[in-house]
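Peer 1: got a predicted structure plus its sequence, pasted below:
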Amino acid sequence: MLKKITLFVTLICLIISSFAGCGGGAKNASGKAGSQIEISYWNSGLSKEWLDEVIKAFEAKYPQYTVSYTASASQNAVNAGFGVDGDTVDIYMSAGINDLSKMECLDDVLDSTADGDKKTIREKFLDGYLKIAKSPDGKIYSLTFGGGILGFVYNTEHFKKAGIEQIPRTTNELATACDSLYSAGYKPLCHFSPTGYWHWMSEVFFSQYDGMDYYINNFYGCTDEKGNSPSKEVFTKKDGRYQTLKVYEKIITPEYILDGSNSGDHITAQTQFINGNVSMMVTGSWITTEMKSVGGLEKFAMMRTPVISAITDKLDTVKTDSNLRRLISTLDDIADGKKKAEDFADGENYKIGDMTVSKHDWDYVHNARFTLTSVYNGDVAVIPKYSDNIKGAKEFLRFLYSDEGYKVYEDILKIPMPLSLSDGTQLNTKNWNDFEISQLNLIEEADYVIGNGTRSEHRIFSDGGASAFAGYNYVSALCTNNSRDRKTANQIWQIVQDRINDNYENSWLKNIKNNK
């Protein structure tokens with residue numbers, strides 16, 4: 001009799017479950033439990049351990065929610081469901097999702113205060129990151145889940161043996177360092193096919209030269225000085241992109257670049273670098289996780305990004321590279337806590353020894369010196385507007401950016417986000433190595449954290465297919481061993497101009513019209 005009753009109850013439960021979900025509460029239209037949060041995660045350099053631990057901590061604090069995720073190393077596979085009918089994902093943690101019409105605005109998350117915090121999440125984020133994260137309408141639809149910063153990572157032992165006592169402050173000094181390393185028997189630089197991470201560094205040099213206002217509002221806003229938008233003039237103007245090529249012409253050479261860099265993959269290049277076969281590489285925070293099995297990170301550091309020497313074109317009171325180096329050294333001393341800005345104040349100007357620096361020049365160089373490039377605006381969390389659990393998805397993000405969630409995240413990854421703790425304390429770095437601590441120091445002193453373009457970019461980039469260098473592989477062209485294929489900075493600039501003239505109306509503008 002007991003078996004019959006049990007069978008009867010089971011059958012009734014199965015029937016009810018087809019309508020309401022037996023034992024799981026009411027179901028939404030997608031058939032998903034209302035308390036469930038579903039994530040699609042791009043499993044790149046950050047791996048999955050941090051996500052597992054954050055989910056565990058979130059579910060412990062908010063037992064009304066259950067979080068599940070699917071992960072893939074393929075960005076295309078992760079993004080495949082976005083915007084597709086029947087999609088049940090509540091949070092996409094990935095890159096390359098740019099359709100704002102399908103993305104939930106996250107300003108309310110930013111303006112909220114997480115449980116236990118003393119500041120809003122917006123107040124905790126670095127302002128220089130939020131300026132880049134804004135979309136053309138001034139709102140924020142995606143927030144970073146990490147990825148790290150990029151820069152010139154260098155082998156400290158190589159620098160010492162090559163007699164380099166001063167870490168490069170300008171790009172002219174960087175070129176001199178390359179020559180010293182080469183003379184000491186080292187290959188100064190390496191990258192990987194097709195351009196490595198050089199395109200990220202190009203964004204820094206470009207923005208340093210032209211200033212962040214021009215970089216964000218004119219170039220990536222595709223708006224010329226007369227207010228015309230879109231404007232072909234912003235692509236053809238001889239701006240910081242050209243000056244960046246002139247820098248690279250001195251350092252991305254066949255002599256200075258490790259053989260095979262133009263054809264290898266990123267793991268091969270980074271392994272060669274960690275193994276001491278090359279002295280410098282433009283790479284990022286993630287090598288602390290990707291290269292755990294190789295070890296030896298104690299020999300490496302990331303330098304503050306050298307300031308493009310041609311920036312003196314934009315300054316009135318600092319016109320030589322030697323004076324630029326003096327100013328940068330002063331700014332570094334202030335950042336390191338050795339001096340204070342007021343020590344150099346002289347009315348509306350600043351005085352460094354016998355050199356007078358205008359406030360404009362001081363601020364311009366400060367922004368240049370403390371601008372970082374990152375993958376923060378690439379590795380982002382997005383909530384689809386059609387999610388059946390927007391409330392739960394936002395609660396999860398709020399927890400991720402809370403003091404509690406951020407500490408869980410950092411305990412695993414040790415790769416800082418452009419975020420601070422709300423109570424003014426520092427992260428516990430007791431178990432961090434010197435390389436990891438240097439990343440934290442760089443992000444804490446940053447004025448701006450940019451990436452490959454900005455979220456506020458004109459549609460000519462996102463829908464039209466435009467790019468700063470018109471898609472030309474300038475890195476390989478500069479350092480190919482085949483002299484017949486090698487190009488100078490001026491030749492590359494002309495090729496870029498030709499591509500702009502060929503594509504601006506026939507492709508880029510046409511694509512915008514076709515993607516309304």
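Peer 2: Cool, got the structure.

Peer 1: CA only for contacts and neighbour counts going forward, please
Peer 2: Will do.

Peer 1: hang on, Lys118 packs against Asp423?
Peer 2: Yes: counting by C-alpha atoms under 8 Å, Lys118 touches Asp423, with 6.1 Å between them.

Peer 1: the two: which is more packed in?
Peer 2: When Lys118 and Asp423 are compared for neighbours, Lys118 comes out ahead with 16 against 12, by other C-alpha atoms under 10 Å.

Peer 1: nearest spatial neighbour of that one, chain-adjacent residues omitted?
Peer 2: Excluding the flanking residues, the one nearest Lys118 by C-alpha to C-alpha, 6 or more residues apart in numbering is Ser422, at 5.3 Å.

Peer 1: show me the shaky parts of the stretch 151-300 of the chain.
Peer 2: 290-296 (pLDDT under 70).

Peer 1: can you give me the helices for it?
Peer 2: 156-161, 171-183, 198-210, 212-213, 233-236, 240-251, 266-274, 287-290 (DSSP state H, counting those that start in this stretch).

Peer 1: only the buried residues of the second one, if you could.
Peer 2: When neighbours are counted by 16 or more other C-alpha atoms under 10 Å, the buried residues of helix 171-183 are found to be Thr171, Asn172, Glu173, Leu174, Ala175, Thr176, Ala177, Cys178, Asp179, Ser180, Leu181, Tyr182.

Peer 1: how about the residues you listed in TSV, adding distance to Lys232?
Peer 2: Shown next, in TSV, are the buried residues of helix 171-183 (distance: C-alpha to C-alpha, whole Å):
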residue	distance to Lys232
Thr171	29
Asn172	31
Glu173	34
Leu174	33
Ala175	33
Thr176	36
Ala177	38
Cys178	36
Asp179	38
Ser180	41
Leu181	41
Tyr182	41
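
Peer 1: closest to Phe469 out of the residues you listed?
Peer 2: Using C-alpha to C-alpha, Thr171 comes nearest to Phe469 of the buried residues of helix 171-183, at 20.2 Å.

Peer 1: surely the closest one is in contact with Asp321?
Peer 2: No: applying C-alpha under 8 Å, one finds Thr171 not in contact with Asp321, separated by 9.5 Å.

Peer 1: any shared contact partners between those two?
Peer 2: Ser309 (C-alpha atoms under 8 Å, 6 or more residues apart in numbering).

Peer 1: pLDDT at Gly34, what is it?
Peer 2: For Gly34, the model assigns a pLDDT of 63.

Peer 1: tally of neighbours for Asp498?
Peer 2: Neighbour count for Asp498, taken as other C-alpha under 10 Å: 13.

Peer 1: can I assume it sits in a strand?
Peer 2: No: going by DSSP: H, G, I helix; E, B strand; the rest coil, the assignment for Asp498 is helix, not a strand.

Peer 1: check it and give its pLDDT.
Peer 2: 98.

Peer 1: how close does it get to Tyr406?
Peer 2: Taking C-alpha to C-alpha, to the nearest Å as the measure, Asp498 and Tyr406 are separated by 47 Å.

Peer 1: how about Ile216?
Peer 2: 29 Å.

Peer 1: between the two, which one's more packed in?
Peer 2: Neighbour count, other C-alpha under 10 Å: between Ile216 and Tyr406, Ile216 has more, with 22 against 19.

Peer 1: show me what contacts the residue lying closest to the more buried one once chain neighbours are set aside?
Peer 2: Leaving aside its chain neighbours, Ile216 sits nearest to Thr454 (6.9 Å; criterion: C-alpha to C-alpha, 6+ apart). Neighbouring residues of Thr454 by C-alpha under 8 Å, 6+ apart: Ile132, Ala133, Lys134, Ile216, Tyr220, Asn377.

Peer 1: give me the phi and psi for Thr454.
Peer 2: Thr454 has phi and psi values of phi -130, psi 160 when expressed as degrees, to the nearest 10.

Peer 1: tell me the pLDDT at Ile5?
Peer 2: Looking at Ile5, the pLDDT reads 35.

Peer 1: cool, and Pro416?
Peer 2: 88.

Peer 1: quick one: it and Lys124, what's the gap?
Peer 2: 13 Å.

Peer 1: swap in Phe396?
Peer 2: Taking C-alpha to C-alpha as the measure, Phe396 falls 17 Å from Lys124.

Peer 1: cool, Ser135 as well?
Peer 2: Where Lys124 is concerned, Ser135 sits at a distance of 20 Å (C-alpha to C-alpha).

Peer 1: of the two, give the one with the bigger neighbour count.
Peer 2: Lys124 (22 against 18).

Peer 1: my guess is that one contacts Ser422. True?
Peer 2: Yes: because the distance of 6.2 Å satisfies C-alpha under 8 Å, Lys124 is recorded as touching Ser422.

Peer 1: check which helix or strand the spatially closest residue to Asp485 that is not a sequence neighbour maps to.
Peer 2: The shortest distance from Asp485 to any non-neighbouring residue, by C-alpha to C-alpha, 6+ apart, is to Ala477 (6.7 Å). Applying DSSP states H and E as the criterion places Ala477 in helix 474-479.

Peer 1: helices or strands next to that helix in the packing?
Peer 2: Packing contacts for helix 474-479, counted by 3 or more C-alpha pairs under 8 Å, 6 or more residues apart in numbering; DSSP states H and E, involve helix 489-503.

Peer 1: next, the angle from the helix it packs on to helix 240-251.
Peer 2: Using axes from the mean of the first three to the mean of the last three C-alpha atoms, to 10 degrees, the inter-axis angle of helix 489-503 relative to helix 240-251 is 140 degrees.

Peer 1: got the contact list for Lys187?
Peer 2: Leu181, Glu255, Tyr256, Ile257, Leu258, Asn277, Val278, Ser279.
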